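**Q** Mind folding the following:
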Amino acid sequence: MELWYEYKRFMIIDLDTHQGNNHKHDHSDKEKFYIFDSDILTGDKSTKNAISMGIEGENNDVEFLAELETKLLVAFDTFKPTFVIYKAGTSCMEGESLGKFNLSPTGITLRDEMVFSQALNRKIPILMLLSNGFTKTCAPAIADSISNLVDKFDLFEDFIPSEKHWQARSLKKRQ
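**A** Here you go, the predicted structure:
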């Protein structure tokens, strides 16, 4: 991506609280990578050093989203990324044994909307990666969040064929 698209500054937003620190070891160059993480309380010193900013403590929707909003603004304004990689895990949901934030499905939707808003309002491309979440409530929460993002930000507007497209295609087949 750096060579083909000339992206030089990558922000990795890892809001999956299930520990997985590989990217923190692989992307420790702070001039090139900014790691915003929700697993900041890790005991791994090299991992902790790679994290530029994070969310701390055990929260609920209101506390988590307030802290996220404040810190995302600072992170985007300070680092000025050219590309965002967003790890949107759901192990932070209520009922998850591996997470710690107890977010509701609505909290997941608002969290994802907040991250996308920060990137898209600045015209920064964003890649969303889905990860973790092991309870039956995770899949519907993820689906609802993605539907909200598609509607809120008109995602895929240019990629989803319109009704006119399908009608024209149907007419061509009959002729």
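
**Q** I'd like the next helix or strand past the strand or helix carrying residue 77.
**A** If you go by DSSP states H and E, residue 77 is part of helix 61-79. Sequence order places strand 83-89 as the next helix or strand after helix 61-79, per DSSP H and E.

**Q** Which neighbouring elements make contact with that following strand?
**A** Applying 3 or more Cβ pairs under 8 Å, 6 or more residues apart in numbering; DSSP states H and E, we find strand 83-89 packed against strand 10-14, helix 105-121, strand 126-131. (Each C-beta comes from the backbone N, C-alpha and C, glycine too.)

**Q** Who is the spatially most central residue of the chain paired with across the strands?
**A** Nearest to the geometric centre of the chain sits residue 86, at 3.2 Å (Cα atoms, centre = their mean). On DSSP bridges, the residues paired with residue 86 through beta bridges are residue 13, residue 128.

**Q** Would you mind measuring from it to residue 3?
**A** Distance, residue 86 to residue 3, using Cβ to Cβ, to the nearest Å: 22 Å.

**Q** swap in residue 101?
**A** The value you get for residue 101 to residue 3, if Cβ to Cβ is used, is 37 Å.

**Q** do the same with residue 132
**A** On the measure of Cβ to Cβ, residue 132 and residue 3 end up 31 Å apart.

**Q** Give me the more crowded residue out of the two.
**A** The neighbour count for residue 132 versus residue 3, taken as other Cβ atoms under 10 Å, is higher for residue 132 (19 against 6).

**Q** pretty sure the more buried one contacts residue 90?
**A** Yes. Taking contacts as Cβ atoms under 8 Å, residue 132 lies within contact range of residue 90: 6.2 Å.

**Q** Please enumerate the shared neighbours of the two.
**A** Common contact partners of residue 132 and residue 90 (Cβ atoms under 8 Å, 6 or more residues apart in numbering): residue 16.

**Q** just for the protein, where's the confidence low?
**A** Low-confidence segments of the chain (pLDDT under 70): 18-28, 39-49, 57-58, 98-99, 158-175.

**Q** Find the residue closest to residue 6 in space, skipping its chain neighbours.
**A** residue 82 (7.8 Å; Cβ to Cβ, 6 or more residues apart in numbering).

**Q** try residue 11
**A** According to Cβ to Cβ, 6+ apart, the nearest residue to residue 11 is residue 81 (3.7 Å).

**Q** coming back round to it: surely the residue nearest to residue 6 and residue 9 touch.
**A** Yes. With contact defined as Cβ under 8 Å, residue 82 reaches residue 9; the gap is 4.9 Å.

**Q** what comes up buried for stretch 101-113?
**A** 101-103, 105, 107-113 (16 or more other Cβ atoms under 10 Å).
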